[in-house]
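Chemist: Can you look at this prediction? I've put the sequence above it.
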Amino acid sequence: MNLKTLRKQTLSGLADAVGASEARAMERIILEDLLMMTPAQALADGERDIPDFMEEKIRSIVSRVAGGEPLQYVLGRARFYGMDLRVSPDVLIPRPETEQMVDMIVDCFGGRPDLRVLDLGTGSGCIAIALARNLKFPEVCGVDISERAVALARENATGLNVSNVDFCRGDILDLQLPGEWDIIVSNPPYILNSEAAAMESRVLDFEPHRALFTPDDDPLRFYTPIIEYWRTHRAPGGMLFMEINPLCAFRFTGAEIVKDFYGKDRFAIYGR
């Protein structure tokens, strides 16, 4: 089969599952990941014959996505802040909104060297590694309650040759880390349990619930100890950045609330 025909079948199979717009984005990722081609290169080389094993591999990916599995888990990687990161169902898939939070931190602190940075609930390590790469000589620590997440974050740092970041196991509800921090950042669980019924099965059935949900009767369960820890472990001029549930933005007394690029109240910032 030539590439042009395979692309047409791939787009059709994906569109039936996720819609035409998302299918085009997924097809681009598949082209880059498996064939190391941009869409423009694929268009120019449409008559190229695709080996049977590669055709079957792409068909398998489309089948798994059509069955509801997130493409990032199928491929085992996700793009975040210009990086290719390993992901698995042990960690959340990094979102574009979280890239926006990294942008805010780099904008605020990009000119300062030798910062101490703490990322609470690090997951894949996406925030911690992005900050380690984009700030000036920082000392970065990522913490997660999941040993598997910590192991994956370490793999990502090693794979990207980032040596100024460390990862350890720890519980946001019982933080025992000493010292002061210039930046504390967190994207903790914030989706209310009652919101689960309206969520896509692609998220609900595959991403780790421990990293997603918080009780309806305690929506700030993870935020309250983070804020208290920041207040007692804040270096002079230090700031706290948190991704939040827009439904709960009014609860963050004293914080600056910043909207994401969808116009939703998505970030709470303390110390600015």
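Modeler: Thanks, I have the structure now.
Chemist: list the buried ones in stretch 210-220?
Modeler: 211, 212, 213, 214, 219, 220 (16 or more other C-beta atoms under 10 Å). The way it works is simple: take the backbone N, C-alpha and C, and place the C-beta from them, glycine included.
Chemist: what sits against residue 129?
Modeler: The contact partners of residue 129, taken as C-beta atoms under 8 Å, 6 or more residues apart in numbering, are 83, 85, 140, 142, 153, 156, 157, 160, 162, 165.
Chemist: sec struct for it, please.
Modeler: Of the three states, residue 129 takes helix under DSSP: H, G, I helix; E, B strand; the rest coil.
Chemist: returning to what we had before: farthest-apart pair in the contacts of residue 129, please.
Modeler: The largest separation in the contacts of residue 129, counting by C-beta to C-beta, is between 85 and 140 at 15.1 Å.
Chemist: how close does the residue nearest to residue 98 when sequence neighbours are not counted get to residue 41?
Modeler: Once flanking residues are discounted, residue 98 sits nearest to residue 187: 5.7 Å by C-beta to C-beta, 6 or more residues apart in numbering. Distance, residue 187 to residue 41, using C-beta to C-beta, to the nearest Å: 35 Å.
Chemist: now residue 228
Modeler: 53 Å.
Chemist: Residue 109: how many residues sit nearby?
Modeler: 21 (other C-beta atoms under 10 Å).
Chemist: sorry, that was for residue 257
Modeler: Neighbours of residue 257 (other C-beta under 10 Å): 14.
Chemist: which residues of the stretch 101-250 of the chain fall in strands?
Modeler: 116-120, 139-144, 165-169, 181-186, 191-192, 213-214, 234-243 (DSSP state E, counting those that start in this stretch).
Chemist: can you redo those strands as a markdown table with distance to residue 4 and mean pLDDT?
Modeler: Output for those, formatted as a markdown table (distance: least, C-beta to C-beta, whole Å; pLDDT from 0 to 100):
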| stretch | distance to residue 4 | mean pLDDT |
| --- | --- | --- |
| strand 116-120 | 44 | 98 |
| strand 139-144 | 44 | 98 |
| strand 165-169 | 43 | 97 |
| strand 181-186 | 45 | 98 |
| strand 191-192 | 41 | 97 |
| strand 213-214 | 44 | 97 |
| strand 234-243 | 41 | 97 |
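Chemist: can you redo these as a markdown table with distance to residue 21?
Modeler: Conversion of the strands of the stretch 101-250 of the chain to a markdown table gives the following (distance: least, C-beta to C-beta, whole Å):
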| stretch | distance to residue 21 |
| --- | --- |
| strand 116-120 | 32 |
| strand 139-144 | 33 |
| strand 165-169 | 35 |
| strand 181-186 | 31 |
| strand 191-192 | 24 |
| strand 213-214 | 28 |
| strand 234-243 | 25 |
